[in-house]
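Chemist: Sequence and predicted structure, then a few things I'm wondering about:
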Amino acid sequence: MSITRLRNIGVIAHIDAGKTTTTERILYYTGKIHRMGEVDQGSAQMDWMPQEQQRGITITSAATSCAWKDHIINIIDTPGHVDFTAEVERSLRVLDGAVVIFCAVAGVQPQSEKVWRQAEKYGVPRLVFINKMDRLGADPNKALKGMEQVLGAVPISIQIPVGSESGFSGVIDLIKMESLKWSDPEGGEIARGSIPEELLETARSERDRMLEILAEQDDRIMSLYLEEREVPAELVREVIRTGTIKGSFVPVLYGSSLKNKGVQPLLDAVIDFLPSPEDLPPVKGAWDQQTVTRVPDAEEPFSALLFKVMAFAGRPTLFYVRVYSGRCSLGDKVLNTRTGKTERVMKIMRMHANRREEIRQMSAGDILALVGLRDARTGDTLSDPAQPVVFEEPVFPQPVIFVAIEPKSVKDQERLMNVLGILAEEDPTFQVRVDEETGQVILSGMGELHLDVLAERLFAEFNVQGRVGNPQVSYRETVTKSVSASDRFAREIAGKDQEAVVTLRVEPVPMGGAVQYEDRVADGKIPPEMRQTIREAALEAAASGVKAGYPVIDMKIILIDGEYHPDRSTDMAFKAATSNALNQCLRDANPVLLEPIMSVQVETPEDFTGEVMGSLTHRRGTIEGVEKQGQMEVISAKIPLIEMFGYTTNLRSLTQGRGTFTMELAHYREVLE
C-alpha cells in the first residue's frame, strides 16, 4: 500500500475524557474487533495490563492498527494521568498526527493543556473531538473558549451538535451541509439527510464562520465567499487539510463515544485532514557533526527511532520503533548509532495492544515492535550500517518522589536489582539508586500512583518479594548569591605528576531554570577537549548539592579561568579541580533547600466544596480559583508535594467517595525552616 494511505496518530487527553473508549469504538467500526470493550468493566482491549483493568485508567501507551476507507491507521492510545506523562511524550515524538479529546462538561483541563503543549513541541497536527455530549452539563462552547484562551489555538468547527445532554442525537456536517443521526444503539447505522428547518439558520451561520477562517488561508475560497458563490466541499476539505497540517487551525468534531455517536466522522476526518508521512518535512538527524535528512521512502537508507521498551516476566522484551525511511527484513543487520554495534533483526511484530502478529519486513512509516535486540534503550536510533544517522531523543521530566524498597530476604536482593533494572530500562522516568550511606535501594518516580503501579508489577508480575517504605519528596537545592572559587589539584598518581587549576563562578538564575553553563576562558588557554571535561565535571558535580545531596537547579556555572600544563594536566586532574571548585562555590553561596510545589485540581460535588477547600488550606495550599463544571466544582490550588501524600483517602472521606484530583509539578520553592 502507498505510504500516502498511511496515518500514524495518537489519542491524547486529560484522564477520563474518553480516550480508550473512543479508541475501542474506532477499532469496532473499522472491523478490527467484533465486540466493544468498556473501561469501567475492565474489558477494553487497549487497557490490557491487570493494573489498568483494576483501576479503570490507561497506564501504558498501547499500539494497534486498523483499516478505514482503503487507508491504514496506526494508533497509539496514551495515558491521561500526569504520573505517566512519559508515555505521551515518547508517543508524540514519533507520531504524525493526534486526536485530542476534550470532555464537553469539563472543557480544557490541566492534563489537556499538558498533552497539547507536548504535541506543540513536536509540531504534531491535531484534530479535536469534543466527547461526552450526552452528559449532564455538556457545553461544547466551554471547550472552544478554552482552546482559544488557554491553549492559544484557532478552533474551526466542521460540525455542530444536534441537541445536548440526554437530547444529543447527532451532528450537522458543515462541509456537506447535511444531518447525521445515530439511531442504532451500537452506532453502526448513520441516517444522513437534510438539515432540520429549526437548525438551518444556525448551520448557515456556523458554515460562514468556518469559511471566513478558511478564506484567510486560501484565495480561491476568498473569491467564492466574497462573490457569495457556493464553495465546493472538495475545496473546503483540501484547505482544511492544508491548514491542519500547517498548524494554522484545529478542526473540531463532536460526539459521545460511550453512546456510539460521532466516531465514524472522526475516522473520516483522520483520513481527510491528518497527514501521511509524506505530507511532513523530511526527518532531520545528524552524523559526524553534519545534518542528515531522511525522506519517508522505502528506497531510502533504513532509519528508525526506538521510542519505547516493554518488559514482560518470562517473555522477550519488546522494542517499539518508528521507521522513518527505507526497509528492513528479518535477518538484516542494523546499526545502533549510540553503541556503535550492529544488531540482527530477529523478529518483527505488528502489535494490537499486547497481542503480536509476526511479519517479515518493516518499511518507512511503520510503527512496530522488534524482539531480540541485545543492547538497546529508549531514544536509540537504528540505521543502515553503511549510512548512519542519529535522531533526536525524547526528553523526559525528572522524578519528584521516591520510596525505599528492601528485599524480603538476602537471597531476593540480586533478583530485586535485576528486575528493577529491567523496569528502569522500560520507563525513563523511573530511576533506581542505592543510598551509599544506608545501603537502601531508592526508587524515584513521577507520583504515588506511578510508584504504586511499578511496585505492584514488581511483586505480582515478576514475583519479587519485598517491602516498600513510605513515599518521600525529592527535594532540590539552589544558591542564593554569586560567588567564585578556585582549586589547584596537584598530586602524584601512579608515579605521574598530575596538575590542573580551575576557577568557577556560580550565580542564581530565575526560578524554573535548569543548570546553565558558560565558558569565559580565552581561546587557546585550555585545550578544547579539556574544556569539555571541565563542563561535564561541573554539571556532574551539580547533580549532588552540598546541603543535603539533592540536585542543584536554578543556577549558572561560569568557567572564569584555569591553568593547563602540557606535561601534567590530565582529564582526571581537571575533573578533580572542577569538582572541588564547584563544591566550594556551593558552600559559600548560601545554599537553600527547595521543595516541589504542585498544581492541584480537585473536582468535587458543590455540597462539599467548603470542606475540600479547608482540607487544602490545612495542607499549606494556596487556593487560586473555583470553577463550576456542571454539577461539580473544580478547585485549583498550589500545594507542597509533601502535603499531598495520602490525600486520595482524605478526599474520598470528605466527599463520600465522589471527589477526584489531579496534580502536576508547578515549580520549586524554598523550604521555610
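Modeler: Sure thing, it's come through.

Chemist: now the helices for the stretch 451-600 of the chain?
Modeler: 528-541, 571-588 (DSSP state H, counting those that start in this stretch).

Chemist: for those, which one ends up most surrounded?
Modeler: Burial of these is given as mean neighbour count (mean count of other Cβ atoms under 10 Å); helix 571-588 ranks first at a mean of 22. All C-beta atoms are positioned from the backbone trio N, CA, C, and that covers glycine.

Chemist: Verify the stated contact: L539 with V515.
Modeler: Yes: at 6.2 Å, L539 and V515 qualify as touching, with contact defined as Cβ atoms under 8 Å.

Chemist: Show me what the helix or strand N8 falls within is packed up against.
Modeler: Element membership for N8, per DSSP states H and E: strand 6-13. Counting contacts by 3 or more Cβ pairs under 8 Å, 6 or more residues apart in numbering; DSSP states H and E, strand 6-13 packs against helix 19-29, strand 71-77, helix 85-94, strand 97-103, helix 110-121, helix 263-273.

Chemist: Can you tell me, leaving aside adjacent residues, what's nearest to A191?
Modeler: Excluding the flanking residues, the one nearest A191 by Cβ to Cβ, 6 or more residues apart in numbering is K181, at 4.5 Å.

Chemist: Can you give me the neighbour number for that neighbour?
Modeler: 18 (other Cβ atoms under 10 Å).

Chemist: I would like the residues contacting whichever helix or strand it is part of, please.
Modeler: Element membership of K181 [criterion: DSSP H and E] is strand 178-182. Defining contact as Cβ atoms under 8 Å, 6 or more residues apart in numbering, one finds that strand 178-182 is touched by 162, 169-173, 189-196, 199, 259-262, 265.

Chemist: Return the distance of the next helix or strand after that strand from the chain's centre.
Modeler: Using DSSP H and E, the helix or strand that follows strand 178-182 in sequence is strand 190-193. Offset of strand 190-193 from its chain centre (Cα atoms, centre = their mean, to the nearest Å): 38 Å.

Chemist: try stretch 589-603
Modeler: Chain-centre distance of stretch 589-603: 22 Å, with Cα atoms, centre = their mean.

Chemist: repeat for stretch 278-292
Modeler: 22 Å.

Chemist: Stretch 93-103 now?
Modeler: For stretch 93-103, the distance to the chain centre is 11 Å (Cα atoms, centre = their mean).

Chemist: Name the nearest residue to P140, sequence neighbours excluded.
Modeler: Leaving out its chain neighbours, the residue that sits closest to P140 by Cβ to Cβ, 6+ apart is I130, at 4.9 Å.

Chemist: sorry, back to before: any chance of the helices of the stretch 451-600 of the chain in TSV with distance to I33 and mean pLDDT as columns?
Modeler: Listed next are the helices of the stretch 451-600 of the chain as TSV, based on distance: least, Cβ to Cβ, whole Å; pLDDT from 0 to 100:
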stretch	distance to I33	mean pLDDT
helix 528-541	49	93
helix 571-588	57	95
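
Chemist: L504: which of those is closest?
Modeler: Smallest distance to L504 across the helices of the stretch 451-600 of the chain (Cβ to Cβ): 4.6 Å, for helix 571-588.

Chemist: buried subset of the contacts of strand 178-182?
Modeler: Buried by 16 or more other Cβ atoms under 10 Å: 162, 169-173, 190, 195, 259-262, 265, out of those.

Chemist: residues touching the residue lying closest to V263 once chain neighbours are set aside, list them.
Modeler: Spatial nearest neighbour of V263, excluding adjacent residues (Cβ to Cβ, 6+ apart): R25 at 4.3 Å. For R25, the contacting residues are 36, 187, 257, 260, 263, by Cβ under 8 Å, 6+ apart.

Chemist: Check P640 too.
Modeler: Per Cβ under 8 Å, 6+ apart, neighbours of P640: 595-598, 619-620, 669.

Chemist: How much space separates it from G625?
Modeler: 19 Å (Cβ to Cβ, to the nearest Å).

Chemist: Now do the residue nearest to V263 against K32, distance only.
Modeler: R25 is 11 Å from K32, by Cβ to Cβ.

Chemist: Can you tell me what sits against the strand or helix carrying L235?
Modeler: Using DSSP H and E, L235 falls within helix 233-246. Applying Cβ under 8 Å, 6+ apart, the contact partners of helix 233-246 are 125-127, 156, 158, 175-176, 210-211, 214, 217-218, 220-221, 224, 249-251, 272-275, 279-280.

Chemist: ditto for stretch 288-300
Modeler: 3, 277-278, 280, 282-286, 301, 303, 324-327, 363-365, 389.

Chemist: Phi, psi for the spatially closest residue to K142 that is not a sequence neighbour please.
Modeler: Distances taken as Cβ to Cβ, 6+ apart put G107 closest to K142, at 4.1 Å, once the chain neighbours are dropped. Backbone torsions of G107, given as degrees, to the nearest 10, read phi 70, psi -140.

Chemist: Is G107 in contact with L151, as I believe?
Modeler: No: using Cβ under 8 Å, G107 is not in contact with L151; the gap is 10.7 Å.

Chemist: Between those two, which is the more surrounded one?
Modeler: More neighbours surround G107 than the other of G107 and L151, with 23 against 19 (other Cβ under 10 Å).

Chemist: in the sheet, who's paired with that one?
Modeler: Beta-bridge partners for G107, by DSSP bridges, are C103.

Chemist: what's near enough to touch it?
Modeler: 139, 142-143, 145-146, 629.

Chemist: With S257 as the reference, measure out to it.
Modeler: As judged by Cβ to Cβ, G107 and S257 stand 17 Å apart.

Chemist: do the same with S166
Modeler: Using Cβ to Cβ, S166 is found at 16 Å from S257.

Chemist: What of L226?
Modeler: 39 Å.

Chemist: Could I get the buried residue list for the helix holding L235?
Modeler: 236-241, 243-245.

Chemist: who's in contact with the helix or strand following that helix?
Modeler: Later in the chain than helix 233-246, the nearest helix or strand by DSSP H and E is strand 250-254. Applying Cβ under 8 Å, 6+ apart, the contact partners of strand 250-254 are 100, 104, 126-130, 133, 140, 144, 147, 153-161, 171, 240, 244, 262, 265-266, 269, 273.

Chemist: Narrow the residues you listed to just the buried residues.
Modeler: By 16+ other Cβ under 10 Å, the contacts of strand 250-254 give 100, 104, 126-130, 133, 140, 144, 147, 153, 155-161, 171, 240, 244, 262, 265-266, 269, 273 as buried.

Chemist: mean confidence for stretch 131-140?
Modeler: Confidence for stretch 131-140, expressed as mean pLDDT, is 92.

Chemist: now swap in stretch 424-443 and tell me
Modeler: Mean pLDDT, computed over stretch 424-443, is 80.

Chemist: Ok, stretch 663-673 next?
Modeler: 84.

Chemist: same deal with stretch 83-95?
Modeler: The average pLDDT within stretch 83-95 is 84.

Chemist: List of residues touching that stretch?
Modeler: Counting by Cβ under 8 Å, 6+ apart, 8-10, 12, 58-61, 76, 78-79, 98, 114-115, 118-119, 121-122, 124, 305, 307-308, 322, 367, 378, 394-397, 427-429, 445-450, 664 sit against stretch 83-95.

Chemist: Which of the contacts of G107 sits closest to L504?
Modeler: Closest to L504, out of all of those and judged by Cβ to Cβ, is G146, at 46.2 Å.

Chemist: and stretch 584-593, how far from the chain's centre?
Modeler: With Cα atoms, centre = their mean, you get 34 Å for stretch 584-593.

Chemist: Please renumber the chain so that the first residue is 30 from this point on.
Modeler: Let's use 30 as the start, then, which means that last one is stretch 613-622.
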